[in-house]
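**Student:** next come a sequence and a model predicted from it.
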Amino acid sequence: MTEAGLASPSTPITAAQLVRLVQQALELVGTGDRADLRKRLDQAMGRLKDPSIRVIVVGEFKQGKSKLINALVNASVCPVDDDIATSVPTVVRYGDPASAAILVPKADADAGDEAGVERQPVPIADLANYVSERGNPGNSKKLVAGEVYLPRKMLTGGLTVIDSPGVGGLNSSHTLTTLTALPTADAMLLVSDASQEYTEPELRFLRQAMRITPSVVGVLSKTDLYPDWRRVEEIDLGHLAKVAPDIPLFSVSSDLRLEAARLQDGELNAESGFPGLMTYIRSEILGKAERLQRRSVSQDLLSVCENLRLSLQSELEALENPERTPQMIAGLEAARAEADDLRKRSARWQITLNDGISDLIADMEYDLRDRLRRIQREAEAAIDQGDPGPAWPEFSKWLEECAAAAISDTFVWTNERAQWLAAQVAEHFAAEEVTLPVLHVSDTGDALDPVDDMPMLDDGRINSAQKVLIGMRGSYGGVLMFGLLTGIFGMALINPLSVGAGLLLGRKAYREDKEARLKRRQNEAKALVRRQLDDVTFQVGKQLKDRLRLVQRSTRDHFTEIADEHHRSLQDSVAAAQKAATTYALKKDVRIREIKAELKNVDALSQAAEAVAAARMVAAPSAVAAVG
């Protein structure tokens, strides 16, 4: 297709050529009443104009995530300090000139509404005051994210790097915030320094992340600080192989990379390990995202061509073979009636969707309660084994970590089930491939926000005066009782026997009081655990149900649009065939030539769309910028 500049399926294509294909499709659709097809093409054009490829960098506290990003873009954009952590996600993308901004939610914005975010420019030098724990502890300023724009070659082509919050590590409730971004990310870099092998929280998070975003890269950081980093690398490769055999691991030193950039030393840069990581990002992450984008655009174009061709071919058939028009119209009417059934509320796909969501909500509630109930039993068993008072802060942190892990597992599992349900619904439409809606069930960033912190528990410690008073209360009865008894033999009320008995009974009373106080603290601790987990179940269950209802609505709307589009095409085909049957002979030849010319353009566009899916895509930053 020379119009689009695609010589063959193996010819490399650029983003600008994809834009021209979509523009040609818009011209074929025209300004008529097929608003549904124009909407699909407008959405495809929007994706081409915003080719963001999101790579999120995650890891435990102080593993070198921020410095890794600084080394990737060769600029100190993410705050780095030995004593502070990132509290707000920092997004680094291409922009000229260099600038920074913070994203603040609007007061009247709905949760999760991207349009309800206000962008406020800030000096790059002041960004740390907004995105770090030192300037914004616990994200007290309630920011959505920080943004940095840099004129760097690494960021051309749409690459966006995100520095995730490092507060609390991967085994705390902040894991939920990190998991929130994964459904919209094209890839994830898991950063762990060379001081030790992967920890259990890191491997657990890795397994969760693999279920959300399959493109995961391991990064072993700070190799310049630890001479035995190759041994740690070998052990980590073994861990990664158990999770997934194709996860790559790159060992790097951000300090060497930054020093090499400062000295313009190519040998030092190679020693830093960054060339391999950057090559992988360009070839695998950027390349894979471009292939997915190309496939998506190709699918949209093919669908539009098929809908346009249906009407044109029906009219052409009626004009060239008028004797077969009644049978053709009858067939189209039957197909239209079948398509109309897809639009009705009693359609099988809607029944599948409604039943599936009901089952999913029930299974989700059971899964969440079952996980939290196991945590409750484990917590109560731990409480029974000792005094919970002195270790209550550590115990509360452990309970929070376990609850966060359980919620993460439930949300990730629910996300998988929702994607599976969308695929089941798609099977009711047609044998050809049907696009699936984008579902973000695993958005759990604010799941635990409404849950209060664990209440404090009495540590059970008493001072010496209290111990003496408890002993005296117990010994008083013993002294009096034995003093009266020995008084029968003429002894004084207070004598060695009564004092000895008092000491024994006092010690017994103190021991019984200690056991009673321990039992009371254990019962109180169990009550606090039950109340905390009940609150978690109530709040998280409500939020998860709300998200599943959004899944139901988005899935319903997505497939309703597909059904309406198909029904409209068949309706237009029937109308075109009926109109052709009444066309006068003088106009027939002219109309046949017009239809054949339009069909030729549609076929050419369809062939180009098929070539797009098979062709390689070359990086064309200037073309992307031109359409931006």
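**Tutor:** Structure received.
**Student:** what about the helices in the stretch 101-250 of the chain?
**Tutor:** Taking DSSP state H, counting those that start in this stretch as the criterion, the stretch 101-250 of the chain carries its helices at 128-131, 174-181, 200-212, 229-243.
**Student:** by mean pLDDT, show me the worst of the ones you listed.
**Tutor:** Set side by side, the helices of the stretch 101-250 of the chain show their lowest mean pLDDT on helix 174-181, which sits at a mean of 58.
**Student:** follow-up on the earlier one: can you redo the helices of the stretch 101-250 of the chain as a markdown table with distance to residue 42 and mean neighbour count?
**Tutor:** To be clear about C-beta, it is placed using only N, CA and C from the backbone, and glycine gets the same treatment. A markdown table is the format used below for the helices of the stretch 101-250 of the chain (distance: least, Cβ to Cβ, whole Å; neighbours: other Cβ atoms under 10 Å):
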| stretch | distance to residue 42 | mean neighbour count |
| --- | --- | --- |
| helix 128-131 | 34 | 23 |
| helix 174-181 | 27 | 23 |
| helix 200-212 | 29 | 18 |
| helix 229-243 | 40 | 15 |
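**Student:** closest to residue 387 out of the ones you listed?
**Tutor:** Among the helices of the stretch 101-250 of the chain, helix 200-212 comes nearest to residue 387, with 27.0 Å by Cβ to Cβ.
**Student:** packing partners for that closest one?
**Tutor:** Packed against helix 200-212, as judged by 3 or more Cβ pairs under 8 Å, 6 or more residues apart in numbering; DSSP states H and E, are the following elements: strand 53-59, helix 174-181, strand 187-193, strand 216-221, helix 229-243, helix 392-426.
**Student:** just to revisit the earlier point, pipe the helices of the stretch 101-250 of the chain into TSV and attach distance to residue 119 per row.
**Tutor:** Listed next are those as TSV, based on distance: least, Cβ to Cβ, whole Å:
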stretch	distance to residue 119
helix 128-131	13
helix 174-181	18
helix 200-212	27
helix 229-243	38
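**Student:** what's the closest of those helices to residue 50?
**Tutor:** Residue 50 lies closest to helix 174-181 among the helices of the stretch 101-250 of the chain, at 17.0 Å (Cβ to Cβ).
**Student:** which parts of this protein are strands?
**Tutor:** For the chain, strands defined by DSSP state E occupy the ranges 53-59, 90-94, 99-105, 117-122, 145-150, 159-163, 187-193, 216-221, 249-251.
**Student:** quick one, which of those is nearest to residue 18?
**Tutor:** When the strands of the chain are compared (using Cβ to Cβ), the closest one is strand 53-59, at 15.0 Å.
**Student:** ok so, going back, can I get the strands of the chain in a markdown table including mean neighbour count, mean pLDDT and distance to residue 605?
**Tutor:** As requested, those are arranged in a markdown table below (neighbours: other Cβ atoms under 10 Å; pLDDT from 0 to 100; distance: least, Cβ to Cβ, whole Å):
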| stretch | mean neighbour count | mean pLDDT | distance to residue 605 |
| --- | --- | --- | --- |
| strand 53-59 | 24 | 86 | 26 |
| strand 90-94 | 24 | 87 | 31 |
| strand 99-105 | 19 | 86 | 39 |
| strand 117-122 | 12 | 85 | 37 |
| strand 145-150 | 22 | 87 | 36 |
| strand 159-163 | 23 | 86 | 30 |
| strand 187-193 | 25 | 89 | 32 |
| strand 216-221 | 24 | 91 | 37 |
| strand 249-251 | 19 | 93 | 42 |
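**Student:** right, and these - which one's nearest residue 40?
**Tutor:** The stretch from the strands of the chain with the least distance to residue 40 (Cβ to Cβ) is strand 53-59; that distance is 22.3 Å.
**Student:** okay, the angle between that closest one and strand 187-193?
**Tutor:** Counting by axes from the mean of the first three to the mean of the last three Cα atoms, to 10 degrees, strand 53-59 lies at 20 degrees to strand 187-193.
**Student:** got the contact list for strand 53-59?
**Tutor:** Under the criterion Cβ atoms under 8 Å, 6 or more residues apart in numbering, residues 65, 68-69, 157-164, 166, 170, 178, 181-182, 184-192, 202, 205, 209, 281, 285-286, 289-290 lie in contact with strand 53-59.
**Student:** and it with strand 90-94, angle?
**Tutor:** Using the same axes, to 10 degrees, strand 53-59 lies at 150 degrees relative to strand 90-94.
**Student:** okay, strand 53-59 in PDB with CA atoms only?
**Tutor:** C-alpha atoms of strand 53-59 as PDB (Å, rounded to 0.1, in the frame of the first residue of the first chain):
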ATOM      1  CA  ILE A  53       5.600   3.100  28.100                       C
ATOM      2  CA  ARG A  54       5.500   2.900  31.900                       C
ATOM      3  CA  VAL A  55       8.300   1.200  33.800                       C
ATOM      4  CA  ILE A  56       7.900   1.200  37.500                       C
ATOM      5  CA  VAL A  57      10.900   0.700  39.800                       C
ATOM      6  CA  VAL A  58      10.100  -1.100  43.100                       C
ATOM      7  CA  GLY A  59      12.000  -2.500  46.000                       C
END
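**Student:** tell me where the model's unsure across the stretch 501-628 of the chain.
**Tutor:** Counting by pLDDT under 70, the stretch 501-628 of the chain has low-confidence residues at 501-510, 513, 565-589, 613-628.
**Student:** could you export the helices and strands packed on helix 200-212 as a markdown table, including distance to residue 260?
**Tutor:** Converted to a markdown table, these look like this (distance: least, Cβ to Cβ, whole Å):
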| stretch | distance to residue 260 |
| --- | --- |
| strand 53-59 | 20 |
| helix 174-181 | 30 |
| strand 187-193 | 19 |
| strand 216-221 | 16 |
| helix 229-243 | 18 |
| helix 392-426 | 38 |
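**Student:** got a pLDDT number for residue 307?
**Tutor:** Note on residue 307: pLDDT of 76.
**Student:** no more questions from me, cheers.
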